[in-house]
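Enquirer: Curious how this folds, go ahead:
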Amino acid sequence: ATMRSAVARSFQSSAAPRPQMAAAFQGLSCRSMSTQSPLDAFRDPVDRQTRMQEPVGRQWTVQELRRKSYDDLHKLWYVLYKERNMLLTERQLSRRRQIQFPQPQRMRKVQKSMGAVKHVLGERKRSKIAAFQEERAAAMMAEAEMK
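Expert: Residues are numbered from 1 along each chain as shown. Coordinates of the predicted model:
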């Protein structure tokens, strides 16, 4: 009887709603919960017909990104990452349904933009390392002169 009551207590405690879950679902009706999925973030919000007809933007260039702050580059990286994941999902769904993936050149532009962000961050990192090494060498020279 004690084993059964322990199992029942653990089941009841795990089945109890958690406050953070209740807060997350507060304000959502049953209808909106059934139609919205967390995976909708990985789907293209624009319908297929509109996507086929509207023009695609261009990729970010290294020159443009050099003028951005670190925080702006971080935000852009996050947006590009989400876009890439959405495009990968849409491409997979198109393959499964055996239909044409709308505007496949978008994937290449996102990849090039992500590469440009990495390039700019790499340049900044290399320049910081070079400045640190120069500063260190100057300090060592000054110390050697004092002796």
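
Enquirer: and the longest helix that the chain contains, what does it pack onto?
Expert: In the chain, with assignment by DSSP state H, the single longest helix is helix 105-146. Applying 3 or more C-beta pairs under 8 Å, 6 or more residues apart in numbering; DSSP states H and E, one finds that helix 105-146 makes contact with helix 62-66, helix 70-97. Where you see a C-beta, it was placed from the backbone N, CA and C, and this is true even at glycine.

Enquirer: and the ones you listed, which one is worst for confidence?
Expert: Within the helices and strands packed on helix 105-146, confidence is poorest for helix 70-97, with a mean of 93 (mean pLDDT).

Enquirer: could you give the angle of that helix to helix 105-146?
Expert: 150 degrees (axes from the mean of the first three to the mean of the last three C-alpha atoms, to 10 degrees).

Enquirer: What residues sit buried inside helix 70-97?
Expert: Leu73, Leu76, Leu80, Glu83, Arg84, Met86, Leu87, Glu90 (16 or more other C-beta atoms under 10 Å).

Enquirer: Equivalent analysis for stretch 118-130, please.
Expert: Along stretch 118-130, these residues count as buried under the neighbour rule (16+ other C-beta under 10 Å): Val120.

Enquirer: model confidence over that stretch, on average?
Expert: On average, the pLDDT along stretch 118-130 is 96.

Enquirer: what does stretch 99-106 give?
Expert: Rounded mean pLDDT across stretch 99-106 is 88.

Enquirer: Can you dump the C-alpha atoms of it in PDB for me?
Expert: Presented in PDB, the C-alpha positions along stretch 99-106 are these (Å, rounded to 0.1, in the frame of the first residue of the first chain):
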ATOM      1  CA  ILE A  99       6.500  20.900 -54.900                       C
ATOM      2  CA  GLN A 100       8.800  23.700 -55.900                       C
ATOM      3  CA  PHE A 101      10.600  25.500 -53.100                       C
ATOM      4  CA  PRO A 102       9.800  29.200 -53.600                       C
ATOM      5  CA  GLN A 103      12.800  31.500 -54.300                       C
ATOM      6  CA  PRO A 104      15.600  29.100 -53.500                       C
ATOM      7  CA  GLN A 105      18.100  32.000 -53.900                       C
ATOM      8  CA  ARG A 106      17.000  33.300 -50.500                       C
END
